[in-house]
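My questions are about this predicted structure, shown below with the sequence.
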Amino acid sequence: MNSVNIKNDRVVIVTGASRGIGAATAIKLAESGWSVVVNCNKRTEAADRIVSTIINAGGRAIRVLADITDESAIVRMFDETEERLGRLSGLVNNAGVTGGQVTFAELELSELRRTFDTNVIGYFLCAREAVRRMSTQRGGLGGSIVNVSSVGAINGSAGERVHYAASKGAVNSLTIGLSKEVIGQGIRVNAVSPGLTTTEMNSTERLERLVPTVPIGRAAAPKEIAEVIDFLLSDAASYMVGANVVVSGGR
């Protein structure tokens, strides 16, 4: 991680930040001067390593444990964030599950519910709490929300992850509708849709099978997605509202 310089009091929550895109995003945002909440559900040791990486480079970060399928846990996370770091000005809705790699006919109700509870309900609840705190109509300072979606919402992920793709389709609709509702309250809402990325969500087998379908010829590194999230949160994206930036290597 590069050294950082805290330039202002911007505070951001990154959900699911103990690994993959979330971890890379937490580190990148800290480098850009944000005070970062590294959220996790169970992977506390991994999250603590991300926090230490940020602090050792001169940044400001804390780890906050919260299951984003639990409304009361989400509210506590937002309360703790403002108590320890200050008023919120950013949210990266990133925590998610794939729901397993399964054909549609073999999909079990329990996995379907878990996928939508995490990828949809969790995003809604976190965004709601962010709006309640950042809205200028409610005394907030304004801010920015970035929802991490997926190109699966566009291509459907037939044969392995239709339920996951559908959950990300809901994220895309959330982004469009919410962005129009809260821009007048000083809050910008946008999304990023990663393509094939080298994270734990993609097994070696899946990466090897799908890389040949990616025109650029490789999977993305989590840092490459984090760079786009950093941009969308920044003032450089001040005229972007309801956008969905596809980062897929052409796939």
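Looks like it came in fine. Numbers count the residues shown, from 1 in each chain.

Only C-alpha atoms from now on, for both contacts and neighbour counts.
Noted.

any idea what Val36 is structurally, helix, strand or coil?
Classification of Val36 using DSSP: H, G, I helix; E, B strand; the rest coil returns strand.

So for it, what's the pLDDT?
Listed pLDDT for Val36 reads 98.

Distance-wise, check the nearest residue in space to Arg19 that is not next to it in sequence relative to Ala66.
Distances taken as C-alpha to C-alpha, 6 or more residues apart in numbering put Ala46 closest to Arg19, at 7.2 Å, once the chain neighbours are dropped. Taking C-alpha to C-alpha, to the nearest Å as the measure, Ala46 falls 14 Å from Ala66.

do the same with Ala23
Counting by C-alpha to C-alpha - Ala23 and Ala66 are separated by 16 Å.

pLDDT score for Ile6?
pLDDT, Ile6: 50.

How about the contacts made by the closest residue in space to Ser150 that isn't next to it in sequence?
Nearest residue to Ser150 in three dimensions, chain neighbours excluded: Ser193, at 4.1 Å (C-alpha to C-alpha, 6+ apart). By C-alpha atoms under 8 Å, 6 or more residues apart in numbering, the residues touching Ser193 are 148-151, 244-248.

got a pLDDT number for Ser193?
98.

The one 10 residues further on too?
What the model reports as pLDDT for Ser203 is 83.

Next, name the residue at the spatial heart of this protein.
For the chain, the residue nearest the mean C-alpha position is Asn94 (2.2 Å; C-alpha atoms, centre = their mean).

got the contact list for that residue?
14-17, 21-22, 147-148.

Would you reformat the residues you listed as CSV and include neighbour count and pLDDT?
Listed next are the contacts of Asn94 as CSV, based on neighbours: other C-alpha atoms under 10 Å; pLDDT from 0 to 100:
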residue, neighbour count, pLDDT
Val14, 25, 98
Thr15, 29, 98
Gly16, 28, 97
Ala17, 30, 97
Ile21, 26, 97
Gly22, 26, 97
Asn147, 24, 98
Val148, 27, 98
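
ok so, going back, and the residue nearest to Ser150, what element?
strand 187-194 (DSSP states H and E).

Strands along the stretch 101-250 of the chain, start to end?
Applying DSSP state E, counting those that start in this stretch to the stretch 101-250 of the chain gives strands spanning 143-148, 187-194, 244-247.

Which positions within the longest one qualify as buried?
Across strand 187-194, burial judged by 16 or more other C-alpha atoms under 10 Å covers 187-194.

ok, back up a step: switch the strands of the stretch 101-250 of the chain over to a markdown table; also include distance to Arg128.
Converted to a markdown table, those look like this (distance: least, C-alpha to C-alpha, whole Å):
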| stretch | distance to Arg128 |
| --- | --- |
| strand 143-148 | 11 |
| strand 187-194 | 12 |
| strand 244-247 | 19 |
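
coming back round to it: among the contacts of Asn94, which are in strands?
Taking DSSP state E as the definition of strands, these contribute 14, 147-148.

Which parts of the helix or strand of the chain with the lowest mean pLDDT count as buried, going by neighbours?
Least confident helix or strand of the chain, by mean pLDDT, DSSP states H and E, is helix 204-210 with a mean of 89. Across helix 204-210, burial judged by 16+ other C-alpha under 10 Å covers Leu207.

Pull the distance from it to the chain's centre.
Centroid separation for helix 204-210 versus its chain: 23 Å, with C-alpha atoms, centre = their mean, to the nearest Å.
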